[in-house]
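K.L.:
Predicted model and sequence below, questions to follow.
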Amino acid sequence: MHDVLDLREMLLDEVLQRRESGHLVDDPDPAVLRNADRAQLEALIAEVERAPRRHDWPYEEPDELDAIVAARPPAPTRSRRTLDTASLGDRLLAAWLGRCAGCVLGKPVENWPREAIRRHLEERGDYPLLDYIEADGEKREGYPSLHPAWHESTRGRIHGAPRDDDTDYTILGTHILETYGTGFTADDVATEWLRRFPFTAVYTAERAAYRNLVEGLAPPLTARRINPYREWIGAQIRVDAYGYAYPGDPEAAARLAFADASLSHTANGIYGALWAAALVAASFVEETMAAALASALAVVPERSRLAEALRGVLELHAAGLDWESARDVLEERHGSLSPVHTLNNAAAVSAALLWGEGNFSRTIGLAVQAGWDTDCNGATAGSAFGAMHGTPALEERWTAPLDDRVRTGLFGFDELHITELARRSLALARR
């Protein structure tokens, strides 16, 4: 857990963030760091934030919506499926179920290295992963600890979807649309965070933004002040509800995602949210995942690191690499990043959707086998798959243990029915 109240940790993480985004930054003097008081640490962080960028930095990564739109490639044009109300209702239910199942699947091994995941599965005869993970909670030598929620997210122990921030945010996004309409702002999202979330129920960039809100800052400064996690995955996991509200309209879904993401993220952190919302929206009407991913890529600035990473996945698939070889390439390209960064995880989701080949078990299984942020990636891949293929494509072994229930950490919400959430999404989409 990254402690956003520890300025020493914030300084060290900000140095890393700046280097990853092309800035020339020196390591702080260990003696100065050890003895600095709060004011000195804030001054050191400010100095890092002013560091110049390399003159040969090849990327263009704006933060403002108009500049993001101007930096995008042309959207692809193609004929798409049309959706009647019955078909849309079924696909929305499948998207919710797929998101919940993928999240639960990845939860026990969240942030495990993919090698450890594979060894764990092979020892139990479960590789490749085609069912919920089997585990007994024992801490074994050579393995990371299972997530504390293993007892409600492993095979035979699942009775409804347990609480997870991936589903909390999808539920909250639905509530925001119902309460504020499609013209909601980042300030509205901030209001709902403060009303609905305990501080400790949000993480990394969201927790830094929450701290900034409590200190009296307003968006978009909440995303930028002492927030070294602003290009991590947090915004990317929050926006599926906007794709559900605009099925078939990636552009509209992405614009809603921007209003949400700009509270806590910048640059590629924002682009991951735009991409995920657009991917879900496109999946309702595109015939193939390759087409949906191409539509989603069109909302990402063309010269950004995220666009480069996502194009790279499409190229690997077009070149005919097998899954393991492709995942090895992704490790070479993105393995030095935090396991909860936007770039590596968006690439993993894209790869799972492509190499999943239209099979739900294989798709979410690959998303989790890929490692990095396993519950987030399983959830996003499952959501997009469900939106494209509908409930007949979701095997009962995934949906039956969910028991049509999902727990939430949001104040004022407790245990909700997945079918009711899908009905609420349908009402928003029809509106």
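P.N.:
Great, that's in hand. From a predicted model like this one, the values you see are computed outputs, not experimental measurements.
K.L.:
where's the closest residue to residue 70 other than its chain neighbours relative to residue 311, distance?
P.N.:
Of all residues not flanking residue 70 in the chain, residue 62 sits nearest, at 7.9 Å (CB to CB, 6 or more residues apart in numbering). From N, CA and C alone the C-beta is placed, and that goes for glycine too. Per CB to CB, to the nearest Å, residue 62 is found 19 Å from residue 311.
K.L.:
Can you report phi and psi for the residue nearest to residue 70?
P.N.:
phi -70, psi 160 (degrees, to the nearest 10).
K.L.:
wait, it sits on residue 68?
P.N.:
Yes: counting by CB atoms under 8 Å, residue 62 touches residue 68, with 5.5 Å between them.
K.L.:
Identify the contacts common to those two.
P.N.:
residue 301 (CB atoms under 8 Å, 6 or more residues apart in numbering).
K.L.:
more neighbours, these two?
P.N.:
residue 68 (22 against 17; other CB atoms under 10 Å).
K.L.:
name the element the more buried one belongs to?
P.N.:
Per DSSP states H and E, residue 68 falls inside helix 65-70.
K.L.:
which other helices and strands contact that helix?
P.N.:
In this structure, helix 65-70 packs against helix 250-261, helix 267-283, with contacts taken as 3 or more CB pairs under 8 Å, 6 or more residues apart in numbering; DSSP states H and E.
K.L.:
Need the contact partners of it.
P.N.:
By CB under 8 Å, 6+ apart, the list of residues contacting helix 65-70 reads 62, 255, 258, 262, 270, 271, 274, 301.
K.L.:
rerun at 10 Å
P.N.:
60-62, 64, 251, 254-255, 258-259, 262, 267, 270-271, 274, 299-301, 304 (CB atoms under 10 Å, 6 or more residues apart in numbering).
K.L.:
before we move on, what about stretch 115-131?
P.N.:
105-106, 108-109, 112-113, 132-135, 140, 142-144, 146, 155, 323-324, 331, 359-362, 364-371, 374, 378, 395, 397-398.
K.L.:
Which members of those are classed as buried?
P.N.:
105-106, 108-109, 112-113, 132-135, 143, 146, 155, 323, 331, 359-362, 364-371, 374, 378, 398 (16 or more other CB atoms under 10 Å).
K.L.:
could you list every residue that touches residue 155?
P.N.:
Contacts of residue 155 (CB under 10 Å, 6+ apart): 105, 108, 124, 126, 131, 132, 133, 134, 135, 397, 401.
K.L.:
Mind putting those into a markdown table with secondary structure and distance to residue 29?
P.N.:
Converted to a markdown table, the contacts of residue 155 look like this (DSSP: H, G, I helix; E, B strand; the rest coil; distance: CB to CB, whole Å):
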| residue | secondary structure | distance to residue 29 |
| --- | --- | --- |
| 105 | helix | 45 |
| 108 | helix | 41 |
| 124 | coil | 49 |
| 126 | coil | 49 |
| 131 | coil | 52 |
| 132 | coil | 49 |
| 133 | coil | 45 |
| 134 | coil | 49 |
| 135 | coil | 44 |
| 397 | helix | 56 |
| 401 | helix | 53 |
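K.L.:
Which two among the residues you listed are spaced furthest apart?
P.N.:
124 and 401 (17.8 Å; CB to CB).
K.L.:
more crowded one of those two?
P.N.:
residue 401 (19 against 12).
K.L.:
now that we're looking at that one, which residues does it contact?
P.N.:
So residue 401 contacts 100, 101, 104, 132, 153, 155, 156, 157, 158, 159, 160, 161 (CB under 10 Å, 6+ apart).
K.L.:
From those residues, pick the one nearest residue 352.
P.N.:
When these are compared against residue 352 (criterion: CB to CB), the nearest one is residue 101, at 13.5 Å.
K.L.:
thought that closest one was touching residue 395?
P.N.:
Yes: if you go by CB atoms under 10 Å, residue 101 and residue 395 touch, sitting 9.4 Å apart.
K.L.:
who touches both of these two?
P.N.:
In contact with both residue 101 and residue 395: 360, 361, using CB under 10 Å, 6+ apart.
K.L.:
avg pLDDT for stretch 344-356?
P.N.:
Over the span of stretch 344-356, the pLDDT mean works out to 98.
K.L.:
Against residue 383, how distant is residue 283?
P.N.:
Distance from residue 283 to residue 383, by CB to CB: 8 Å.
K.L.:
Which residue is the nearest non-sequential neighbour of residue 201?
P.N.:
The nearest residue in space to residue 201 (CB to CB, 6+ apart) is residue 409, at 4.6 Å.
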